[in-house]
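> Kindly return the folded structure for what I paste below:
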Amino acid sequence: MINRIIYLLLLSFLLGENKLPNDVRWVVNSSEYESLCHQTFRLATVRIKNLQNTDGKNLAIIMDLDETVLDNSMYQVKNFNKGQTFNMESWAAWVNRKEADLVPGVKEYIDLVRKLGIQ
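Okay, the predicted model is just below:
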């Protein structure tokens, strides 16, 4: 019985090796990820609309580009399918191809920030 359990565990481990890593698979396949992105930017939208600029200074928002504005999951998928991990050469080539999509919800948020004159 123990040998059978060990065999099944090893078999499931070996079969699972061709799966995308959990984090990439979640971003690519999960409707939850998309919903959470939209929720995050909706909350940010509410906060921006309620912001009181009482001192008259210019406002600015600082955002990370990678995985906050640009979705790099397809880069991760392509690397995985090639058996590679992140490296600057493949990253630079991918960036230059301009294949990145936007993270769900970010376009509407950035459009609002621009409309409100926030840098």
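
> So for the protein, the centremost residue is which one?
The centre of the chain sits closest to residue 67, judged by C-alpha atoms, centre = their mean, with a distance of 3.8 Å.

> Quote the end-to-end distance of stretch 64-75.
Using C-alpha to C-alpha, to the nearest Å, the end-to-end distance of stretch 64-75 comes to 17 Å.

> Tell me which residues are up against that stretch.
24, 27-28, 63, 90-91, 94, 99-103, 106, 110 (C-beta atoms under 8 Å, 6 or more residues apart in numbering). Quick note: C-beta positions are derived from backbone N, CA and C, even for glycine.

> for it, what is the average pLDDT?
If you average the pLDDT over stretch 64-75, you get 92.

> Tell me how far it lies from the chain's centre.
5 Å (C-alpha atoms, centre = their mean, to the nearest Å).

> For that stretch, buried residues please.
Buried residues in stretch 64-75, counted by 16 or more other C-beta atoms under 10 Å: 70, 71, 72, 73, 75.

> just stretch 74-86 next, same as before
Neighbour-count burial for stretch 74-86, counted by 16+ other C-beta under 10 Å, picks out 75, 76, 77, 79, 80.

> Of these, which is the nearest to residue 53?
Nearest to residue 53 among the buried residues of stretch 74-86, counting by C-beta to C-beta, is residue 75 at 37.5 Å.

> still on that earlier bit, how about the buried residues of stretch 64-75 in JSON lines, adding distance to residue 45 and secondary structure?
Converted to JSON lines, the buried residues of stretch 64-75 look like this (distance: C-beta to C-beta, whole Å; DSSP: H, G, I helix; E, B strand; the rest coil):
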{"residue": "70", "distance to residue 45": "19", "secondary structure": "strand"}
{"residue": "71", "distance to residue 45": "19", "secondary structure": "strand"}
{"residue": "72", "distance to residue 45": "23", "secondary structure": "coil"}
{"residue": "73", "distance to residue 45": "24", "secondary structure": "helix"}
{"residue": "75", "distance to residue 45": "28", "secondary structure": "helix"}
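
> what sits against residue 41?
The contact partners of residue 41, by C-beta under 8 Å, 6+ apart, come to 105, 106, 108, 109.
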